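A.B. asks: give me a 3D structure for the following:
(one chain, ligands or ions: 1)
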Amino acid sequence: MLRLYDFLPSGNGYKVRLLLTQLGIPFERVELNILQGETRTPEFLRKNPNGRIPVLEIEPGKFLSESNAILFYLSENTHFLPSDSWERAQVLQWLFFEQYSHEPYIATVRFWITELGKADEYREAISQKRESGYAALTVMEKHLTNHQFFVGERYTIADIGLFAYTHVADEGGFDLRQFPAIQGWLERVKAQPHHISITHL
Ligand SMILES: N[C@@H](CCC(=O)N[C@@H](CS)C(=O)NCC(=O)O)C(=O)O
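C.D. replies: Numbers count the residues shown, from 1 in each chain. Next comes the predicted model:
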């Protein structure tokens, strides 16, 4: 059985949990407490030298890290990843956007506030990160104003990748009320078959 090294509050972990569930693939979850350095032990660093979850153990001793790479691997030959090369490239475009322009701001602010409890101490850094986070949300809003989903007008791993931290952006103090197209898209993603919440075990 596939084994997922994970941390429940993590949006990056949630992307993988959500796709595995929607694909109907059973998996074993190993919870690691990242706040206690459990991804930085010599044992875990042998699984992912980068010391981070999620890590998918595909077969004993064969490990894949990076949430969006895991999404790509699992969705091959399924309707979550288009077969057309232009659409596949667009899926990658949005997944790279998520990792470079979205997650480092939206996920980090949420983590600092909800997991580290540093809202006051990190006030200035948070306000800088929020600005970049809002810029990413504005890009998404523009796209979603004329599109139902990110690629090909249907639900793909691009939506899963972007949903993970967007739907909890409010926990990092982002006000999504000013983004009606994003709000509509969040509802469409939640309405997909076998959707689970981020806290679902
Ligand atoms: N780019 C990576 C980011 C993974 C990541 O940042 N993981 C965090 C939890 S969301 C982690 O394991 N942090 C523990 C640490 O850095 O020690 C991905 O998409 O999987």
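A.B. asks: I figured residue 14 was touching residue 198, is that so?
C.D. replies: Yes - when contacts are counted by Cβ atoms under 8 Å, residue 14 is listed as touching residue 198 (4.6 Å). Quick note: C-beta positions are derived from backbone N, CA and C, even for glycine.
A.B. asks: neighbour count for those two, which is higher?
C.D. replies: Comparing residue 14 with residue 198 by other Cβ atoms under 10 Å, the one with more neighbours is residue 14, at 26 against 19.
A.B. asks: buried residues in the longest helix anywhere in the chain?
C.D. replies: Scanning the chain for the longest helix, with DSSP state H as the assignment, gives helix 123-145. For helix 123-145, burial by neighbour count (16 or more other Cβ atoms under 10 Å) applies to 126, 129, 130, 132, 133, 134, 136, 137, 140, 141, 143, 144.
A.B. asks: export those to JSON lines and tack on distance to residue 19 and pLDDT?
C.D. replies: Listed next are these as JSON lines, based on distance: Cβ to Cβ, whole Å; pLDDT from 0 to 100:
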{"residue": "126", "distance to residue 19": "30", "pLDDT": "98"}
{"residue": "129", "distance to residue 19": "27", "pLDDT": "98"}
{"residue": "130", "distance to residue 19": "28", "pLDDT": "98"}
{"residue": "132", "distance to residue 19": "27", "pLDDT": "98"}
{"residue": "133", "distance to residue 19": "24", "pLDDT": "98"}
{"residue": "134", "distance to residue 19": "27", "pLDDT": "98"}
{"residue": "136", "distance to residue 19": "22", "pLDDT": "98"}
{"residue": "137", "distance to residue 19": "23", "pLDDT": "98"}
{"residue": "140", "distance to residue 19": "20", "pLDDT": "99"}
{"residue": "141", "distance to residue 19": "24", "pLDDT": "98"}
{"residue": "143", "distance to residue 19": "21", "pLDDT": "98"}
{"residue": "144", "distance to residue 19": "21", "pLDDT": "98"}
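A.B. asks: closest to residue 120 among the residues you listed?
C.D. replies: Nearest to residue 120 among those, counting by Cβ to Cβ, is residue 126 at 9.4 Å.
A.B. asks: and the residue nearest to that closest one when sequence neighbours are not counted, what element?
C.D. replies: Spatial nearest neighbour of residue 126, chain neighbours left out: residue 109 (5.4 Å); criterion: Cβ to Cβ, 6 or more residues apart in numbering. Under the criterion of DSSP states H and E, residue 109 resides in helix 103-110.
A.B. asks: residue contacts, residue 52?
C.D. replies: By Cβ atoms under 8 Å, 6 or more residues apart in numbering, the contact set of residue 52 is 12, 34, 39, 65.
A.B. asks: follow-up on the earlier one: against which helices or strands is the longest helix of the chain packed?
C.D. replies: In terms of contacts (3 or more Cβ pairs under 8 Å, 6 or more residues apart in numbering; DSSP states H and E), helix 123-145 is packed against helix 103-110, helix 157-166, helix 180-190.
A.B. asks: just the C-alpha atoms of stretch 129-146, please, in CSV.
C.D. replies: Below are the C-alpha coordinates for stretch 129-146, written out as CSV (Å, rounded to 0.1, in the frame of the first residue of the first chain):
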residue,chain,number,x,y,z
LYS,A,129,4.0,38.6,2.5
ARG,A,130,0.3,39.6,2.4
GLU,A,131,1.0,42.0,-0.4
SER,A,132,2.5,39.3,-2.5
GLY,A,133,-0.2,36.9,-1.5
TYR,A,134,-2.9,39.3,-2.6
ALA,A,135,-1.0,39.7,-5.9
ALA,A,136,-1.3,36.0,-6.5
LEU,A,137,-5.0,36.0,-5.6
THR,A,138,-5.6,38.8,-8.1
VAL,A,139,-4.0,36.8,-10.8
MET,A,140,-6.3,33.9,-10.0
GLU,A,141,-9.3,36.1,-9.8
LYS,A,142,-8.6,37.5,-13.3
HIS,A,143,-8.3,34.0,-14.7
LEU,A,144,-11.4,32.6,-13.0
THR,A,145,-13.5,35.6,-14.1
ASN,A,146,-13.7,33.9,-17.5
